[in-house]
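Peer 1: 3D model of this:
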Amino acid sequence: MSYNIVGNWKAGWALDLHTTSSVKLPNGKFENTYSDIGLALYKLKYSQDYSQTEYLADCICDFLRTRMVTPYISVILPTPASRIRDIQPVYEVCKLVSEKLGIPYDEDYINKVKNTSQLKEVEDVDERRSMLSGAFDVTTTYRNKKVLLIDDLFRSGSTLKEITKTMGDKGGVSNVYVVTLTKTRVHR
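Peer 2: Model (predicted):
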């Protein structure tokens, strides 16, 4: 099941919900039930289970093959990571998607030029937007091109919107298509 995600991009989709339910336990922690894609993403990011990259890349490729955008995409771009890891999960998935679809991949095009705190800790959408304003920079490498921007989780869309704005304003990109592996059930 996929979900349309709305923003300043040409078209965007989340492949599934991240969790299907979440119950607060007496100790204050949550017991989450994940979608298949959400569980694979969780294992990849928090248990460093890199065997999940193949499955997640296949999910993206299978989905994109049902859309008429793939032949027009010039490059696959990962959303810059919000925290430093030895191996960046989204980058690894994007590399595999690139190989499987035969579309170039560029992890150096979008540069984060402003430090921001972890956005998942910030509930207020306006505050998130303000924090992200001017946070990214790009070149004109993909001027007048159509690009595919991939991220792991869609929440409010603030990061994707700022990157899309930057690619249009500074980079001259003609169309941005967005695919996220999952989305939250609540848009905060």
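Peer 1: which residue is nearest the centroid of the chain?
Peer 2: Centroid-nearest residue in the chain: residue 151, 1.0 Å away (criterion: C-alpha atoms, centre = their mean).
Peer 1: who touches that residue in this structure?
Peer 2: Contacts for residue 151 were tallied using C-beta atoms under 8 Å, 6 or more residues apart in numbering; they are 78, 79, 90, 159, 160, 178, 179, 180, 181. Where C-beta positions appear, they are placed from N, C-alpha and C, glycine not excepted.
Peer 1: isn't there a strand covering residue 177?
Peer 2: Yes. If the criterion is DSSP: H, G, I helix; E, B strand; the rest coil, then residue 177 is within a strand.
Peer 1: how close does it get to residue 44?
Peer 2: According to C-beta to C-beta, to the nearest Å, residue 177 and residue 44 sit 23 Å apart.
Peer 1: and if you look at residue 17?
Peer 2: According to C-beta to C-beta, residue 17 stands 17 Å off from residue 44.
Peer 1: ok, these two, which is more surrounded?
Peer 2: residue 44 (23 against 17; other C-beta atoms under 10 Å).
Peer 1: so the more buried one: helix, strand or coil?
Peer 2: Under three-state DSSP, residue 44 falls in the helix class.
Peer 1: residues contacting it?
Peer 2: Taking C-beta under 8 Å, 6+ apart, we find residue 44 in contact with 50, 52, 53, 56, 89, 93.
Peer 1: give me every residue that touches the second one.
Peer 2: With contact taken as C-beta under 8 Å, 6+ apart, residue 52 is in contact with 40, 41, 43, 44.
Peer 1: also the fifth one?
Peer 2: Contacts here follow C-beta under 8 Å, 6+ apart; on that basis residue 89 touches 41, 44, 45, 53, 152.
Peer 1: swap in the first one?
Peer 2: By C-beta under 8 Å, 6+ apart, the contact set of residue 50 is 44, 87, 92.
Peer 1: and the second one, how far from residue 101?
Peer 2: To residue 101, residue 87 is 21 Å away according to C-beta to C-beta.
Peer 1: between these two, which one's more packed in?
Peer 2: residue 101 (19 against 10).
Peer 1: isn't that one right up against residue 63?
Peer 2: No. With contact defined as C-beta atoms under 8 Å, residue 101 does not count as touching residue 63 (11.2 Å).
Peer 1: can you give me the buried ones in stretch 12-22?
Peer 2: Neighbour-count burial for stretch 12-22, counted by 16 or more other C-beta atoms under 10 Å, picks out 12, 13, 14, 15, 16, 17, 18, 19.
Peer 1: for the closest residue to residue 143 other than its chain neighbours, give me phi and psi.
Peer 2: Distances taken as C-beta to C-beta, 6 or more residues apart in numbering put residue 172 closest to residue 143, at 3.6 Å, once the chain neighbours are dropped. Per-residue torsions, residue 172: phi 70, psi 20 (degrees, to the nearest 10).
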